[in-house]
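In: Please find the sequence and the predicted model below.
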Amino acid sequence: MKTYSDSAVRLRILPSTSCMFDEAVQIKLSGLTSQQHVELQSSFRDDKGVVFKATATYRADEKGEVDLSRHPSLGGTYTGVEPMGLFWSMRPHVPHSKMVKRDASSPLHYHIEASSGGEVLAKETNERHFACPGVRRAPVSDGRIRGTLFTPPGEGPFPGIIDLYTLGRSISEPRAALLASKGFVVLALSYYGYQDLPKKVKKFDLEYFEEAIAFLQRLPEVQRNGIGILSISKGAELALSMASFLANISATVCINGCNANVLFPLHYKDMVLPPLKFSAKRLDTTKPGILDIRDVLDDPMKKENLASVIPIERASSRFLFVVSEDDRNWNSVNYAEQACSRLKEHGRTNYEVVSYPKAGHFLEVPYMPHHLSGIHPAVGKVVAFGGEPKFHADAQVDAWRRVQDFFRKHFQGLSGPLKSSL
């Protein structure tokens, strides 16, 4: 019986089969017949056992070659010339699943297969790393603080960053590990439902996050010129509150957040920010099985809601607001505009905004599969998160570059990114 090992077809991943997760690769096929149709498939299994896959059909050129950087996909999960289409267009076999990677010190293995007429012609594996060689991963259990610390190789000191993720019940390590690989000490901080932290929340105490800042600044590897915050969704709203009320925060990135406190009262000393009101009557149920919650929250700027608005004019931090124009989780574009208007009204110029048309709520690191819909932890049902895959993928690449540039600009003493030796 003929197997793919007997085939003359060669599948190459360049410049190497091993790379960082946020790096693009070039995929080439050779040894095909002229004009031969070939199907490429990529797949990986995440830490919950969910399989993600992408497919594309190509036609070989006169030399019997396919180069994804030059030749268009004729069909599949994407079309056109898309060098990284087999990565960003992946879809989960279990509907509404989000890719889970619990321990970012180990790589993800993407299996890529070429076939024609039902016969497998060639296979290769792309090993994609979140942490470059020398990055150290350490679980953190310090007082009340729970999370994971990623430290670059070398003595430092390095800029320190707290990574705040979404309302889900755990932390997300990939972004933190990748940032550490660029020369930052990063604390991926959980704020509920993780290890021995409370499983249910009635309120948040800002003192918890103040302790996390103090923990990070005590580390000998961390610079003493203030820390940065990288945040998304509920984490972005908490980041705005941290920058407004707590000291030693120099640079804050807010990805698709709200400018008001949401869901739970936020306490700090004798201050309480009540949660912004909402109305379930504004739920959009026109798409069967998927709720659209974008307009559920009240307008923060209405008089009756002003007590929930975060007073970011108090902050000395610089802000980068990253927003998606097709965010269906909430109206993040409007919230960023309101936040910047408030800063401007107080004579502040410490902010910048970047907006991405047709991108959705979960702007992740480059080439992360698009999370179009999923179970919302506050709603308990499947909701739309928005975004068109191609535009969303492009936004992730651009936003990741801007995030790094922003932190480098506002931290002194960082000479440049670490060089991966993968």
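Out: Good, I have the coordinates.
In: and V333, helix, strand or coil?
Out: helix (DSSP: H, G, I helix; E, B strand; the rest coil).
In: I'd assumed P83 was in contact with A24.
Out: Yes. Counting by CB atoms under 8 Å, A24 touches P83, with 6.2 Å between them. In short, each C-beta sits where N, CA and C put it, glycine included.
In: since we're on the residue nearest to S332 when sequence neighbours are not counted, how many residues are nearby?
Out: Residue nearest to S332 in three dimensions, not counting chain neighbours: N256, with 4.1 Å by CB to CB, 6 or more residues apart in numbering. Other residues lying near N256 total 30 when counted by other CB atoms under 10 Å.
In: ditto for D299
Out: Count around D299 with other CB under 10 Å applied: 14.
In: Give the closest residue to it in space, chain neighbours not counted.
Out: Nearest non-adjacent residue to D299 (CB to CB, 6+ apart): N305, at 6.6 Å.
In: What of C340?
Out: C340's closest residue in space is Y351 (CB to CB, 6+ apart), at 5.3 Å.
In: Next up, the contacts around the one you found.
Out: R318, F319, L320, F321, A339, C340, L343 (CB atoms under 8 Å, 6 or more residues apart in numbering).
In: closest to V403 among these?
Out: For those, the minimum distance to V403 (CB to CB) is 7.1 Å, reached by L320.
In: what about that closest one, which SS state?
Out: L320 ends up strand, using three-state DSSP.
In: got the contact list for the residue nearest to D299?
Out: A260, L276, K277, D298, D299.
In: Just the buried residues from the residues you listed, in PyMOL please.
Out: Applying 16 or more other CB atoms under 10 Å to those, the buried members can be selected in PyMOL as follows:
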select buried, resi 260+276+277+298
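In: Using TSV, please lay out the contacts of N305 together with secondary structure.
Out: As requested, these are exported to TSV (three-state DSSP):
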residue	secondary structure
A260	strand
L276	coil
K277	coil
D298	coil
D299	coil
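In: Tabulate the contacts of N305 (JSON lines), appending distance to G360.
Out: Converted to JSON lines, those look like this (distance: CB to CB, whole Å):
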{"residue": "A260", "distance to G360": "21"}
{"residue": "L276", "distance to G360": "22"}
{"residue": "K277", "distance to G360": "25"}
{"residue": "D298", "distance to G360": "23"}
{"residue": "D299", "distance to G360": "22"}
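In: What is the neighbour count of the nearest residue to F391 once chain neighbours are set aside?
Out: Closest residue to F391 apart from its sequence neighbours, by CB to CB, 6+ apart: K358 at 3.6 Å. A count of neighbours around K358, defined by other CB under 10 Å, yields 16.
In: Over to N225?
Out: Neighbour tally, N225, other CB under 10 Å: 15.
In: The one 5 residues further on too?
Out: Counted by other CB under 10 Å, the residues lying close to L230 total 27.
In: Tell me if I am right that M242 is in a strand.
Out: No. Going by three-state DSSP, the assignment for M242 is helix, not a strand.
In: That one contacts F209, correct?
Out: Yes. With contact defined as CB under 8 Å, M242 counts as touching F209 (5.1 Å).
In: who has more neighbours, the two?
Out: M242 (27 against 24).
In: State the pLDDT value of that one.
Out: Listed pLDDT for M242 reads 97.
In: what's the single longest helix in the protein?
Out: helix 389-410 (DSSP state H).
In: and that one, C-alpha only, in PDB?
Out: Output in PDB follows, covering the C-alpha atoms of helix 389-410 (Å, rounded to 0.1, in the frame of the first residue of the first chain):
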ATOM      1  CA  PRO A 389     -12.100  36.500  10.400                       C
ATOM      2  CA  LYS A 390      -9.800  38.100   7.800                       C
ATOM      3  CA  PHE A 391     -10.200  41.600   9.200                       C
ATOM      4  CA  HIS A 392      -9.900  40.300  12.700                       C
ATOM      5  CA  ALA A 393      -6.700  38.500  12.000                       C
ATOM      6  CA  ASP A 394      -5.100  41.500  10.400                       C
ATOM      7  CA  ALA A 395      -6.200  43.600  13.400                       C
ATOM      8  CA  GLN A 396      -4.500  41.100  15.800                       C
ATOM      9  CA  VAL A 397      -1.200  41.400  14.000                       C
ATOM     10  CA  ASP A 398      -1.300  45.200  13.900                       C
ATOM     11  CA  ALA A 399      -2.500  45.600  17.500                       C
ATOM     12  CA  TRP A 400       0.200  43.300  18.900                       C
ATOM     13  CA  ARG A 401       2.900  45.500  17.300                       C
ATOM     14  CA  ARG A 402       1.300  48.700  18.600                       C
ATOM     15  CA  VAL A 403       1.100  47.300  22.100                       C
ATOM     16  CA  GLN A 404       4.800  46.500  22.200                       C
ATOM     17  CA  ASP A 405       5.700  49.800  20.700                       C
ATOM     18  CA  PHE A 406       3.600  51.600  23.300                       C
ATOM     19  CA  PHE A 407       5.200  49.900  26.200                       C
ATOM     20  CA  ARG A 408       8.700  50.400  24.800                       C
ATOM     21  CA  LYS A 409       8.000  54.100  24.200                       C
ATOM     22  CA  HIS A 410       6.900  54.700  27.800                       C
END
